[in-house]
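Trainee: when you get a sec, could you give me coordinates for this:
(one chain, ligands or ions: 2)
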Amino acid sequence: MNVSNKELLRKEPAGYSRGDELHPMFFTSLLCLMVCLLLLAGCTRGDTMYKESRVLMDTFCTITLVSDSKEKAREAIEAGFAEIKKLETLLNYFSDSSEISAVNRAAGIAPVKVSSDTIEILEKTALINRLTEGAFDPTLAPVIGLWDFSKNILNHSVPLKNDILEALELVDYSLVTIDKDKSEVYLVEKGMELDLGGIAKGFGADRAIEAVRSRGIKAALVAIAGDIRGYGLSASGDAWNVGIQNPRPDAVTDKPWEDISARLELKDRAISTSGDYQRYFLVDGKRYHHILDPERGFPAESDLVSATVLAPEGYLADSLSTAVFVLGSEKGIALLESQGYDGVLIKKSKEVVLTKGLEGKVTILNHDYYLSD
Ligand code: AMP
Ligand code: MG
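Mentor: Ligands and ions are numbered 1, 2, ... in the order given. Okay, here's the model as predicted:
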């Protein structure tokens, strides 16, 4: 089937998972950073806010930090970007020279020696895969390939069900063998592949924050598209403010990041949003989006249009927002609360469900949406 309305296809830069490509509207990320420009005016005791954006991981990355020294700020920003660049080189699914591509090519053939960074993210992924009972599974890569959101919009079509079922046979994170002592990774079945697009940006934000903090910077915010981690207070002495993008805007705009549905403070945590409005196409009026249900190989059909997760680390917020989107509001809230994490889940019905930890801390800005009782 062809796309019924090409105007309605959306592709937004949210990292280097499949289908992402650079776009002038770089902040059309699911979660829009609302760092107030007024912060500079509020600087005290020589503290100044420094901010720089670069294109890395096929998207726009921004490092904002507070420092009393321009030189120190410059060094910290360089160090933060260097970490993100390093991870991009190791983990990029689309680059033949990345370690992940080498692991994918050797599936069913032989283990591949990789860096400790790659081992670390794959081990963290294993934890998330178990915690979410498989809702987060980067071995979905062969299925994601069938959906191929990077295709020309005119050629977009729903893959054949039999092809999906065949590719689903290769989806099983327990078939990823990680040998930490030998620093080797092996995908047991030929044809298996990993796509870390749902976790790598959050992990990158973690690494960049560590690099910045270790250089004595008192406060910083790292945003890799919509995967954000911050610590400390902004230069004005306030907490960092973040906004959650309206998942169902009334009209198409070239500045969707300015259309905010809710706002909250980010204090020493990471925040990520996954939604069905970032990359999708419509066929016969039905929305096919980029977050797949690992059980069916089709776009997840939960009661949610957007899932925002707050957690102590970026890799957690990034992967869990994807998983919670798959699981839906009830299981999602239960999962987050069981781990002491927080979430702002927007349902198709426009009801906004919060974890207990966020009660009274989220301001609804667009009154199409309402907080649940
Ligand atoms: P995010 O935007 O962080 O929710 O990540 C979505 C990206 O992760 C997609 O573009 C795919 O590359 C990949 N992905 C899709 N569904 C899943 C899933 N259920 N588990 C893990 N990765 C997924
Ligand atoms: Mg994610």
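
Trainee: now whichever strand or helix holds Ser101: mean pLDDT?
Mentor: Counting by DSSP states H and E, the element that carries Ser101 is helix 99-105. Averaging pLDDT along helix 99-105 yields 98.

Trainee: now do the contacts for the most centrally placed residue in the chain.
Mentor: For the chain, the residue nearest the mean C-alpha position is Asp318 (4.3 Å; C-alpha atoms, centre = their mean). Applying C-beta atoms under 8 Å, 6 or more residues apart in numbering to Asp318 gives the contacts 198-203, 205, 227, 270, 272. C-beta here means a position set from N, CA and C on the backbone, and glycine is covered the same way.

Trainee: how about the helices in the stretch 201-350 of the chain?
Mentor: Secondary structure of the stretch 201-350 of the chain, counting by DSSP state H, counting those that start in this stretch: helices at 314-327, 329-339.

Trainee: how about the longest one against ligand 1, any contact?
Mentor: Yes. Under the criterion of C-beta under 6 Å from any ligand atom, ligand 1 is reached by helix 314-327 at 318, 321-322, 326.

Trainee: thinking again about what came up before, now do the residue nearest to the residue nearest to the centre of the chain when sequence neighbours are not counted against ligand 1, distance only.
Mentor: Excluding its sequence neighbours, the residue lying closest to Asp318 (C-beta to C-beta, 6 or more residues apart in numbering) is Gly202, at 2.6 Å. Here the criterion is C-beta to the nearest ligand atom, to the nearest Å. By it, Gly202 lies 8 Å from ligand 1.

Trainee: ok, Gly202 touching Ile271?
Mentor: No. The pair Gly202 / Ile271 is not scored as a contact, 9.5 Å apart, by C-beta atoms under 8 Å.

Trainee: so what sits against both of the two?
Mentor: 229, 317.

Trainee: re earlier: list the contacts of whichever helix or strand comes after the helix holding Ser101.
Mentor: Next along the chain after helix 99-105, taking DSSP H and E as the criterion, comes strand 112-113. If you take C-beta under 8 Å, 6+ apart as the criterion, strand 112-113 is touched by 99, 102-103, 106, 182-186.

Trainee: can you do 10 Å?
Mentor: 99-106, 118, 179, 182-187 (C-beta atoms under 10 Å, 6 or more residues apart in numbering).

Trainee: contact distance from ligand 2 - what residues of this structure qualify?
Mentor: 198, 318, 322 (C-beta under 5 Å from the ion).

Trainee: what sits against the first one?
Mentor: In this case it means Gly198. Neighbours of Gly198 in contact, by C-beta under 10 Å, 6+ apart: 14-15, 17, 125, 128, 136-138, 140, 144, 227, 272, 274, 290-292, 318-323, 325.

Trainee: so what's the closest residue to Lys350 other than its chain neighbours up against?
Mentor: Distance criterion C-beta to C-beta, 6+ apart; nearest residue to Lys350, sequence neighbours excluded, is Tyr369 at 5.0 Å. Counting by C-beta under 10 Å, 6+ apart, Tyr369 makes contact with 244, 246-248, 261-262, 346-347, 349-352.

Trainee: mind redoing it with 7 Å?
Mentor: When contacts are counted by C-beta atoms under 7 Å, 6 or more residues apart in numbering, Tyr369 touches 261-262, 346, 350, 352.

Trainee: could you do Ile119 as well?
Mentor: Ile119 touches 178, 180, 183, counting by C-beta under 7 Å, 6+ apart.

Trainee: please repeat the previous calculation with a cut-off of 10 Å.
Mentor: Counting by C-beta under 10 Å, 6+ apart, Ile119 makes contact with 99, 178-185.

Trainee: ok, Phe136 next?
Mentor: Contacts of Phe136 (C-beta under 10 Å, 6+ apart): 125, 127-130, 173, 198-199, 294, 318-327.

Trainee: ok, back up a step: now, which of the contacts of Ile119 lie within helices?
Mentor: Of the contacts of Ile119, the ones assigned to helices by DSSP state H are Glu99.

Trainee: show me which of the contacts of Ile119 are buried.
Mentor: Buried by 16 or more other C-beta atoms under 10 Å: 99, 178, 184-185, out of the contacts of Ile119.

Trainee: near Thr62, how many residues? Count them for me, please.
Mentor: 18 (other C-beta atoms under 10 Å).

Trainee: same question for Val55.
Mentor: Count around Val55 with other C-beta under 10 Å applied: 11.

Trainee: same thing with Asp250?
Mentor: 9.

Trainee: next, the angle from the helix or strand containing Ile119 to helix 329-339.
Mentor: Using DSSP H and E, Ile119 sits in helix 116-131. Put simply, helix 116-131 runs at 120 degrees to helix 329-339, going by axes from the mean of the first three to the mean of the last three C-alpha atoms, to 10 degrees.

Trainee: right, I'll leave it there.
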